[in-house]
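Undergrad: Okay, sequence plus prediction incoming.
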Amino acid sequence: MGSSRGATMPATSPVHRAQLSRWTQPGFAKRSVLGLPRCSTTKQESASPKPVSATDAAPAPSLDTQILSLAVPALGVEVIDPLLSVADAAFVGRLGAAELGGLGVASAVFTSCNSLFNFLSNATGPLVAQALARDDLTVAKKTTGQALVLAASLGFSCCTVLHLFGLPILEAISGGSKENAGPVLDAAIAYLSIRSWGLPAGLICRVNGGAFRGLLDTKTPFYVALGANAVNVVLNPFLIFGIGPFPHLGIEGAALTTVAAEWLAAFAGLYSLSRSRLGIPDVSIPEWSELQPLLQASLALFIRTASLQSVFLLASSTVSHTALLPDGTLDPTQVAAHQITFQCWMFLSFFVDSVAVAAQGLVGDSLGKGDVKKAIKAGDRTLQYGAVLGVVLGISFAFGKQWLPFVFSEDQGVISTARGVLGIVAFAQPISGLVFVFDGIFMGAADFEFVASSVLTACLLGEGLMVLRGGGLVGVWQSLVLVQVARAVGLGLRYWGYLGGPFVREKESG
C-alpha cells in the first residue's frame with residue numbers, strides 16, 4: 001500500500017473513469033469532493049467540477065504505519081524520564097551519599113504520585129479521540145479543559161499536603177527518623193519542599209499527553225519531553241555545583257531545575273495544543289452532565305492503578321518480612337534481588353506500553369466514527385504486535401538473566417537469587433505483552449469500568465495466593481504472574497465477546 005503513494009494516476013485508469021462517472025450523476029455537482037455542500041458560485045463552476053488529482057486522492061497510511069507512527073514516539077516518551085532520572089542521580093551522587101539517599105527517598109514520593117494520577121492521560125485520550133472522530137470539537141475542548149482543571153487542582157492539593165506532612169511521609173517511606181537518618185532526611189526534605197511545586201505541571205503534562213493521543217499525535221509529546229528534559233540536564237550542573245555566576249545550591253538546585261523543566265513542558269504542551277486541531281481547551285465551569293464522563297473514567301482508572309500499586313506494595317512487604325533474620329535484622333539479599341527483578345519488569349513494560357498507546361488512539365478513533373470493524377482490526381493487529389514483542393522480550397530476557405544482575409550488583413548471593421526469579425519474569429513476558437495491549441484497547445473503547453474491575457479481581461487473586469504461600473521471593477513472583485494471567489483471561493473473554501463489551505462481532509452465516 002505504501003509503495004503506491006504518490007504514484008501518478010493515468011487519465012484512462014478505471015479509478016479515473018469511475019470518478020468521471022460519479023461527477024456526471026445528478027446532484028453530485030452540488031457537493032464537494034469530501035461530500036460537503038459546495039459553495040455555489042456560477043452554474044458553469046457547478047457543472048464542471050475540478051477533477052481530483054492523484055495527490056489529493058493519496059491512500060491512507062497502512063495500519064502498520066499508523067501503529068508504528070504512534071508507538072515509536074510513545075516509547076521515546078516512556079524511556080526519556082527514567083533515563084534522565086539516572087542522570088539526575090549521577091549529578092546528585094557527587095554531592096555525597098546522604099544527598100543521593102535523600103534524592104531516592106523523595107523521588108519515591110513523586111513516582112507514586114505520577115503512578116496514581118496516570119488516569120489523567122488514560123481517561124483524557126480516549127474521550128478526546130472519540131469526540132474528534134465524531135467531529136464534536138466542542139466536547140473535545142471541554143473534556144481537555146476539565147481534565148486540565150482537575151490536574152491542576154490535584155497537583156496543588158498534593159503540593160500542600162507534602163509541605164504540611166512531608167517529614168512523616170518521608171520517615172514512613174525510608175523507615176528512619178530524624179534521630180537515626182538525619183542527613184538523609186534533611187536532604188530529602190530540602191528536595192521535596194522545592195520539587196513539590198512541579199507536581200501541578202507534571203499532572204498538566206499528563207493531560208496534554210492524553211489530548212495528543214486523542215489527536216493521534218505522539219510525536220509532539222515526545223519533542224516536548226525531550227526538550228524539557230534536555231534543559232533539565234543542561235541546568236543541573238550549573239545550579240547543583242555553582243558553575244559560573246550561578247550559586248551552589250546542591251540538592252536544592254537539582255529540585256529547582258526539575259521544577260523549571262516540568263513547567264516548561266506544561267506550557268509548551270499547552271501552546272502546542274492551542275496550535276493543533278483541538279485549539280484552546282475550554283476551561284469554563286461545566287454542567288454536571290458534561291463533567292460526569294471524565295469523573296467516571298478517572299475514578300475507574302484510579303481504582304485500577306491503586307489495585308496494581310497495592311499488589312506491588314504487598315509483594316515488597318512480603319519479601320521484606322520473609323527476609324527477616326532471627327536476630328531481627330534484614331537479610332539484604334532477598335530484598336535486593338526483588339528490587340532488581342522489579343526494575344527489570346518495569347523497564348520491559350515500557351516497550352509494550354508504547355503499543356498500548358497506539359491501540360488506545362486507533363481504537364478510540366475508530367469507535368468514535370462508529371466503525372467497529374475497523375476498531376477490531378486495529379485491536380487484532382496491535383495484539384499481534386504485543387504478542388510478538390512479548391515473545392522476543394521473553395526470549396531475550398531468558399538468555400540475558402545470566403549476566404543482567406551484574407548490572408545492578410556485584411554480590412554473588414544477590415546475583416544468584418535474582419537469576420532464579422528473572423526466569424519467571426521472562427516466562428511472563430508474552431502474557432504481559434497481551435495484557436498491556438488489551439488495556440490500551442479497552443481504554444480506547446472507553447470501557448473503563450471493566451478495566452478497573454478486571455484489574456481489581458486479578459490483584460485480589462494474586463494477593464490471596466501471596467498470603468497463602470506465606471512469603472518467599474519465588475512465591476511472590478509467581479503470584480504476580482497469576483495477576484497477569486487473570487487479567488489476560490478476563491480481558492480476552494471481553495474482547496472476543498464472551499463477556500459482552502464494545503466489540504460486537506458479526507456471526508458468520510451458514
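TA: Structure received.
Undergrad: what separates the helix or strand hosting Asp365 from the chain centre, distance-wise?
TA: Applying DSSP states H and E as the criterion places Asp365 in helix 332-368. Averaging C-alpha positions (Cα atoms, centre = their mean, to the nearest Å) puts helix 332-368 8 Å from its chain's average.
Undergrad: and the following helix or strand past that helix, which residues are buried?
TA: Per DSSP H and E, the first helix or strand lying C-terminal to helix 332-368 is helix 372-400. When neighbours are counted by 16 or more other Cβ atoms under 10 Å, the buried residues of helix 372-400 are found to be 372, 374-376, 378-379, 381-387, 389-390, 393-394, 397. Where you see a C-beta, it was placed from the backbone N, CA and C, and this is true even at glycine.
Undergrad: Which strands or helices does the helix or strand just after helix 372-400 pack on?
TA: Sequence-wise, the next helix or strand downstream of helix 372-400 (DSSP H and E) is helix 412-444. For helix 412-444, the helices and strands in contact under the criterion 3 or more Cβ pairs under 8 Å, 6 or more residues apart in numbering; DSSP states H and E are helix 119-133, helix 332-368, helix 372-400, helix 448-469, helix 473-495.
Undergrad: Could you check the angle helix 412-444 makes with helix 119-133?
TA: Taking axes from the mean of the first three to the mean of the last three Cα atoms, to 10 degrees, helix 412-444 and helix 119-133 form an angle of 30 degrees between their directions.
Undergrad: related to what we said a few turns ago, the helix holding Asp365 - contacts with which helices or strands?
TA: Helices and strands touching helix 332-368, as assessed by 3+ Cβ pairs under 8 Å, 6+ apart, comprise helix 63-93, helix 119-133, helix 199-214, helix 288-322, helix 372-400, helix 412-444, helix 473-495.
Undergrad: which regions of the stretch 351-500 of the chain sit below the pLDDT cut-off?
TA: Applying pLDDT under 70 to the stretch 351-500 of the chain flags the ranges 471.
Undergrad: Counting neighbours, what do you get for Ile431?
TA: Residues lying near Ile431 (other Cβ atoms under 10 Å) number 18.
Undergrad: Report the contact partners of the residue nearest to it when sequence neighbours are not counted.
TA: The shortest distance from Ile431 to any residue other than its chain neighbours is 4.9 Å, reached at Gln484 (Cβ to Cβ, 6 or more residues apart in numbering). Neighbour list for Gln484: Ala428, Ile431, Ser432, Val435, Ala458 [criterion: Cβ atoms under 8 Å, 6 or more residues apart in numbering].
Undergrad: try Phe436
TA: Taking Cβ under 8 Å, 6+ apart as the contact definition, Phe436 lies against Ser349, Val352, Asp353, Val355, Ala356, Gly386.
Undergrad: How about Glu290?
TA: If you count contacts by Cβ under 8 Å, 6+ apart, Glu290 has them with Val139, Lys142, Gln146.
Undergrad: Which element, helix or strand, includes Val234?
TA: For Val234, the enclosing helix or strand under DSSP H and E is helix 219-241.
Undergrad: Flag every buried residue along that helix.
TA: By 16+ other Cβ under 10 Å, the buried positions in helix 219-241 come out as 220-222, 224-226, 228-229, 232-233, 235-240.
Undergrad: Stretch 149-169 too?
TA: Within stretch 149-169, the residues that qualify as buried are Val149, Leu150, Ala151, Ala152, Leu154, Gly155, Cys158, Cys159, Leu162, Gly166, Ile169, counting by 16+ other Cβ under 10 Å.
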